[in-house]
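>>> below is the structure, and that's it, no one-letter string:
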């Protein structure tokens, strides 16, 4: 940002081992922010609102340059059991295997799941394939009594909820 900007410039600093300070690099700021967000959504954290899940997942996946399909597995009180990035793809697609999602849910004794994937292209519109996958996973997980609470699509800082759109 230029010094002539009308916005104030904030500087963050990192303390070196010997006790001196230096200006933090952008990658260090992002890493620290991710650590803070991750600390908020550890095992046992209760997802009391859709916004808590959205914020956490947008930070985790919003800046990636490749597609990731992840699941937040929940217990009966909607407490986080575990966040798992299950499948990694290319810039425009990823293969998702329902059998693997069901296996992970059973291994964790999950009762609920929030599905999430990102669109590195920046488009927040769910594709027909996204909608079909959601229904396939919802059906497969229901067979083992795991409820799909939502499927979130992340594109940059934008988040679309399949539940809010009536796609669940």
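Okay, I see it. All of these numbers come straight from a predicted model, not from anything done at the bench.
>>> alpha carbons only for contacts and neighbour counts from here, please
Noted.
>>> I'd say residue 167 and residue 132 touch.
No: counting by C-alpha atoms under 8 Å, residue 167 stays clear of residue 132, with 9.7 Å between them.
>>> pLDDT averaged over stretch 93-111 - what is it?
In this model, stretch 93-111 carries a mean pLDDT of 96.
>>> and the contacts of it?
67-69, 73-76, 81, 86-89, 136-137, 140-141, 144-147 (C-alpha atoms under 8 Å, 6 or more residues apart in numbering).
>>> how far away from the center of its chain is it?
Mean-position distance between stretch 93-111 and its chain equals 16 Å (C-alpha atoms, centre = their mean, to the nearest Å).
>>> could you do stretch 62-77 as well?
Counting by C-alpha atoms, centre = their mean, stretch 62-77 is centred 4 Å from the centre of its parent chain.
>>> that stretch spans what distance, first to last residue?
Terminal residues of stretch 62-77 lie 27 Å apart, using C-alpha to C-alpha, to the nearest Å.
>>> next one: stretch 72-89
First-to-last distance for stretch 72-89 - C-alpha to C-alpha - comes to 18 Å.
>>> same question for stretch 142-160.
One end of stretch 142-160 to the other measures 23 Å (C-alpha to C-alpha).
>>> which SSE is immediately downstream of the worst-scoring helix or strand of the chain on mean pLDDT?
Within the chain, confidence by mean pLDDT, DSSP states H and E is lowest for helix 26-40 among all helices and strands, at a mean of 62. Going down the chain from helix 26-40, the next helix or strand is helix 50-61, by DSSP states H and E.
>>> go through that following helix and flag the buried ones.
The neighbour-count check on helix 50-61 (16 or more other C-alpha atoms under 10 Å) flags 53-54, 56-61 as buried.
>>> pLDDT check: weakest of those residues?
Of all the buried residues of helix 50-61, residue 53 carries the smallest pLDDT score, 75.
>>> the spatially closest residue to residue 120 that is not a sequence neighbour: neighbour count?
Closest residue to residue 120 in three dimensions, ignoring its sequence neighbours and counting by C-alpha to C-alpha, 6 or more residues apart in numbering: residue 65, at 5.4 Å. Using other C-alpha atoms under 10 Å, residue 65 is surrounded by 16 other residues.
>>> what strand or helix carries residue 65?
According to DSSP H and E, residue 65 maps onto no helix or strand at all.
>>> right, and it touches residue 92 too?
No: using C-alpha under 8 Å, residue 65 makes no contact with residue 92, being 9.3 Å away.
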